[in-house]
Each structure stands twice: as C-alpha cells, then as structure tokens.
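>>> Okay, predicted coordinates and the sequence, questions at the end:
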Amino acid sequence: MSTRISMTVNGKAVSAEVEERTLLAAFLREHLRLTGTHVGCDTGHCGACTVLLDGKAVKSCNMLAAQAQGANVTTIEGLAAADGEMHPMQVAFKASHGLQCGFCTPGMVLSAVELAGKLKNPSEAQIREALDGNYCRCTGYHNIVKAVQTGLANMG
Amino acid sequence: MLNFNYHRPQSLAEAASLLGAKAEGKALAGGQTLVAALKLRLAGPTDLVDLAGVGGLKGISREGNNIKIGAMTTHAEVAASSEVKSAIPALAALAGEIGDRQVRNRGTLGGSIANNDPAADYPGAVLGLGATVHTNKRSIAADDFFTGLFGTALGAGEIITAVSFPVPKRAAYVKFKNQASRFALVGIFVAETAAGPRVAVTGAGQSGVFRVAAMETALAKDFSPAAVTGVKVAAQNLNSDLHATADYRAALISVLAGRAVNQARGG
C-alpha cells in the first residue's frame, strides 16, 4: 500500500510514492536525505523536528507526509541564501552561541523564524513562553533567548 | 505505526460515506493527538479519512449572538481571531494556552472535541458556554455531546462541521497546567450566560468534562469568588494519577473556580 505525495521543499517541487504511514520527518530525512531535521523524542514534545509548513512552525514527527500534500515546506537546509549566506536567525544563534550540542538547534531556529511575523520586539519572558514547544537539554536557554531576540531584531 | 489506507476526500458527503463504509475508519483533522496515538499503536484504524481537503470546515464568523467556528479551524487561528477576542476573550485565551505553538498551528477545534480527552481544554469551553456542536447530520447541545471518557454522541460517519459558542455576559478559563505535557491537571471554565451561570471542569473527572451544579446555583445568587471557593466537589469520581491525587484535584477545583470567577469579573 502506498500513496503519491507532492509538495515543495525548500523551493523545489518533490513528488514520491510513499507508504501511507510515512511521517513528514521520515520523508524529509529518509527520502529526501535532508537530515538537518532532527528527530528527538519522536512523541511530539521536544520540537527538534520543527519545520515550517506554509510558513507555520509544525512538528514534522507528529504529522503524516501525506498531510503536507501541496504544501510549502522549509527545513533548516532551506534557510540560508543560495550563495550560502546564513539567515539572520542562524547568524544570531552563531553570534550569541545559542547552542551547545546543536541537536535542538534546527528546530529552535525554525521555530524562532516563525515568531518574526507574530511578536514585535518581544521581551525575554515572551520569547521563553513562545519557545515552550522546543526543548534544549544543554544550555539552560539563556543564550538561545538572546539569539532569538537578536535574530528577530535583525530580521526587521 | 501500523499502516492504513489514506483517503483525502474533497467533499463532506464523500468523507462521510468513506467513514460510514469503513468499520475501522477514523477521521483525521490536525492529527496532533491522533498521529501520536497511531505511533503508540493506541489506535490502529484500517482507514484514515483526512478532512484537510474538505471545503467549508474552516473559519470564524459572528451569527447573531453566537461565534461560529469551523471544525478544522486551528487553535492558533482561534487564539489570534479579533472576532473571538472581542466577543469571548476567555475562548481565545483558552485556545492560546493549548499545548505549544507548533501544536496550536496544527490542532483543531473539531479534532479536540471529537477525541474528548479528559485533560483537553476545549471540552471545558464547549460545555461551559453551553455551545452547540454542528455535524453533517444534526446539531447537538454541549450537554448531550460529551458522553464519558473519550466518548461523544457522534455516530458512525458523523463529522463535526462547526461549533456555535453563545456570547456570554462574562467568562473566564483558568487552567492548572501539567508542566510537562501542558494538559490541564484541572481546568475551570466559568461563564455567566443568558440562561444563568455555568461551571465546567476539565482535566479532573474520571468520565471527562463535567458541570458543577452546586457552584452554578451559588453563582446565580452571588457571582463572586467567595460563592464558589466554599463549594467542595467530592474526590470520589476524580482522576488520581502520578501527577495529582483525586483529593488534590478536588481542592484545585474549588480554588481555581474562585480564580476563574474573579477573572470573569475583570479582576
């Protein structure tokens, strides 16, 4: 049993025949080899697998690839410009050292990018609240919050 | 996850006939609970009928004294809706407190109440406001919709299309979050409606969401926190688990009801 899915991933049209139960995270990692999307808890809690689906942050381990039919998906591989220039949020994470082991980082960055349209000059408390779907088990969040604040400011 | 047949119907009639024809079929809305349940094999339907392609199930509109919300409207859309925020701010606030931001971007009103998880937030609002659940077959009053743990009045092939929430004089929802899951350990929805006060409790009952008649009677006489904080709910039919004992939940109900009334009064 399989189903045909088509979507746009990082600006490129992709189409594949997949088992119905294929999760979006598995489709991105195993079929498209976009392994920047990390699977942490695999229960929908930790947010490491966060991608943008039509601009909205979603957990790709908690939805079927078939549910992304026709959608525009952005993974961490799709954030930087074609010439390799990093996205302002990536620059901010690097500059503020907003990571330690880096496992949660792709999800953190994409989740933070979605905030740009939602929060204007957010306070530290607002950022912490907004990141409650992304777990980091290394840093204590301090530098992540700083990075998000800087990144949002630089996204304008 | 066990495999299943995946269907993406384009109309409500097609979705209903697919669901009616499959004994082990299940409707898929945002999937924020269902996909997780499939992964754990807590659910193993032979067929999933994805409602994402069905038109007319999304959107928020004012109809007379009701706010009507389409079943496939996400929590994020309800939380951000200026219509909901101005007419029933307690409902917008409730939607904004469900799960986390990513969950709110996918999870839907219809999916939440069709699942009727005893710790879900929306059943509190639906019962607390005395809402009406519309399906492809009929309209069901909130008091008749929730029929027990994960149980609803929905029949085979019956699909929720929208929920109409009567605009109350005032209302508030206060939730004591489980810090890990963000589900309601106890959540209280208090509303002063045209038909009198209503108090709905989610997160605590062994049979899911329920009303507290004694609190409603007390609030009808005096809509103040003091009227409800003294009303005790028996622990006997409440959930007891590693997060909280039934006695603790019972105590929370009285305390949170007081806070909810205070908040509804603008405090």
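Noted; the coordinates are in hand.
>>> May I have the beta-bridge partners of residue A:57?
residue A:52 (DSSP bridges).
>>> hmm, stretch A:74-88 in reach of chain B?
No - Stretch A:74-88 does not reach chain B (C-beta under 8 Å from any C-beta of the partner chain); its nearest approach is 13.6 Å. (Each C-beta comes from the backbone N, C-alpha and C, glycine too.)
>>> Mind splitting the chain into its structural domains?
Because you didn't say which chain, this covers chain A. What automatic domain parsing lists as the domains of chain A is A:3-78, A:88-155.
>>> that answer is for a different chain, and I need it for chain B
B:1-50, B:170-264.
>>> Could you say which one of those domains comes nearest to chain A?
domain B:1-50 (4.1 Å; C-beta to the nearest C-beta).
>>> Can you verify residue A:121 is assigned to a helix?
No - assessed with DSSP: H, G, I helix; E, B strand; the rest coil, residue A:121 is coil; it does not lie in a helix.
>>> That one: neighbour count?
Neighbour count of residue A:121, defined by other C-beta atoms under 10 Å in any protein chain shown: 8.
>>> Distance-wise, check it relative to residue A:115.
Computed as C-beta to C-beta, to the nearest Å, the residue A:121 to residue A:115 distance reads 11 Å.
>>> hey, what's in contact with both of these two?
Here residue A:121 and residue A:115 have residue A:152 as joint contacts, going by C-beta atoms under 8 Å, 6 or more residues apart in numbering or on different chains.
>>> residues from the stretch 151-267 of chain B in reach of chain A?
B:181-182.
>>> pLDDT averaged over stretch B:118-130 - what is it?
Averaging pLDDT along stretch B:118-130 yields 97.
>>> before we move on, what about stretch B:32-43?
On average, stretch B:32-43 scores 95.
>>> now stretch A:38-50
When pLDDT is averaged over stretch A:38-50, the result is 96.
>>> Over to stretch B:248-265?
Stretch B:248-265 comes out at a mean pLDDT of 98.
>>> Any buried residues in it, and which?
Neighbour-count burial for stretch B:248-265, counted by 16 or more other C-beta atoms under 10 Å in any protein chain shown, picks out B:248-264.
>>> ok so, going back, for the domains of chain A, which one sits closest to residue B:218?
Nearest of the domains of chain A to residue B:218, taken as C-beta to C-beta: domain A:88-155 at 34.1 Å.
>>> Centre of the chain to that closest one, how far?
In this view, domain A:88-155 has its centroid 11 Å away from the chain centroid, taken as C-alpha atoms, centre = their mean, to the nearest Å.
>>> Ok, stretch B:114-121 next?
6 Å.
>>> Stretch B:13-21 now?
24 Å.
>>> Please apply the same query to stretch B:81-100.
13 Å.
>>> Report whether that stretch contacts chain A.
Yes - applying C-beta under 8 Å from any C-beta, one finds stretch B:81-100 touching chain A at B:99-100.
>>> mind saving the C-alpha coords of that stretch as CSV?
What follows is stretch B:81-100, C-alpha atoms only, in CSV (Å, rounded to 0.1, in the frame of the first residue of the first chain):
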residue,chain,number,x,y,z
SER,B,81,-9.0,35.9,15.9
SER,B,82,-10.1,39.5,16.6
GLU,B,83,-13.7,38.3,16.4
VAL,B,84,-13.2,35.8,19.2
LYS,B,85,-11.0,38.1,21.2
SER,B,86,-13.6,40.8,21.3
ALA,B,87,-16.7,38.6,21.8
ILE,B,88,-15.4,35.8,24.0
PRO,B,89,-11.9,36.7,25.2
ALA,B,90,-11.9,33.6,27.5
LEU,B,91,-12.3,31.3,24.5
ALA,B,92,-9.4,33.0,22.6
ALA,B,93,-7.2,32.8,25.7
LEU,B,94,-8.1,29.1,26.2
ALA,B,95,-7.1,28.3,22.6
GLY,B,96,-3.8,30.2,23.1
GLU,B,97,-2.9,28.0,26.0
ILE,B,98,-3.4,24.6,24.4
GLY,B,99,-0.2,22.6,24.0
ASP,B,100,2.6,24.6,22.5
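>>> Would you mind listing the outside residues contacting that stretch?
For stretch B:81-100, using C-beta under 8 Å, 6+ apart, the contacting residues are A:47, A:132-133, B:32, B:60-62, B:67, B:69, B:75-76, B:78-80, B:104, B:107, B:109, B:112, B:120-122, B:124-125, B:129, B:165, B:167-168, B:171-173, B:175, B:177, B:182, B:189, B:191, B:264.
>>> buried sites along it?
Of the residues in stretch B:81-100, B:81, B:84, B:87-88, B:90-95, B:97-100 count as buried by neighbour count, 16+ other C-beta under 10 Å.
>>> can you tell me which helix in chain B is longest?
In chain B, with assignment by DSSP state H, the single longest helix is helix B:246-264.
>>> So which elements touch that helix?
strand B:170-177, strand B:184-193, helix B:225-229 (3 or more C-beta pairs under 8 Å, 6 or more residues apart in numbering or on different chains; DSSP states H and E).
>>> Tell me the first helix or strand C-terminal of the second one.
The element immediately downstream of strand B:184-193 (helix or strand, assigned by DSSP states H and E) is strand B:196-202.
>>> Please identify the buried residues of that next one?
So, applying 16+ other C-beta under 10 Å, buried residues of strand B:196-202: B:197-202.
>>> Just give the strands next to it in its sheet, each with its orientation.
Going by DSSP bridges, the partners of strand B:196-202 are strand B:184-193 (antiparallel), strand B:210-211 (antiparallel).
>>> ok, back up a step: turn the buried residues of strand B:196-202 into CSV, including distance to residue A:105 and pLDDT.
Output for the buried residues of strand B:196-202, formatted as CSV (distance: C-beta to C-beta, whole Å; pLDDT from 0 to 100):
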residue, distance to residue A:105, pLDDT
B:197, 49, 98
B:198, 46, 98
B:199, 45, 98
B:200, 41, 98
B:201, 40, 98
B:202, 36, 98
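>>> What residue in chain A comes nearest to chain B?
Sorted by distance to chain B under C-beta to the nearest C-beta, the residues of chain A start with residue A:133, at 3.0 Å.
>>> Verify the stated contact: that residue with residue A:59.
Yes - if you go by C-beta atoms under 8 Å, residue A:133 and residue A:59 touch, sitting 7.4 Å apart.
>>> Are there residues contacting both of the two? Which ones?
Taking C-beta under 8 Å, 6+ apart as the contact rule, the neighbours common to residue A:133 and residue A:59 are A:47, A:50, B:102-103.
>>> Alright, that wraps it up for me.
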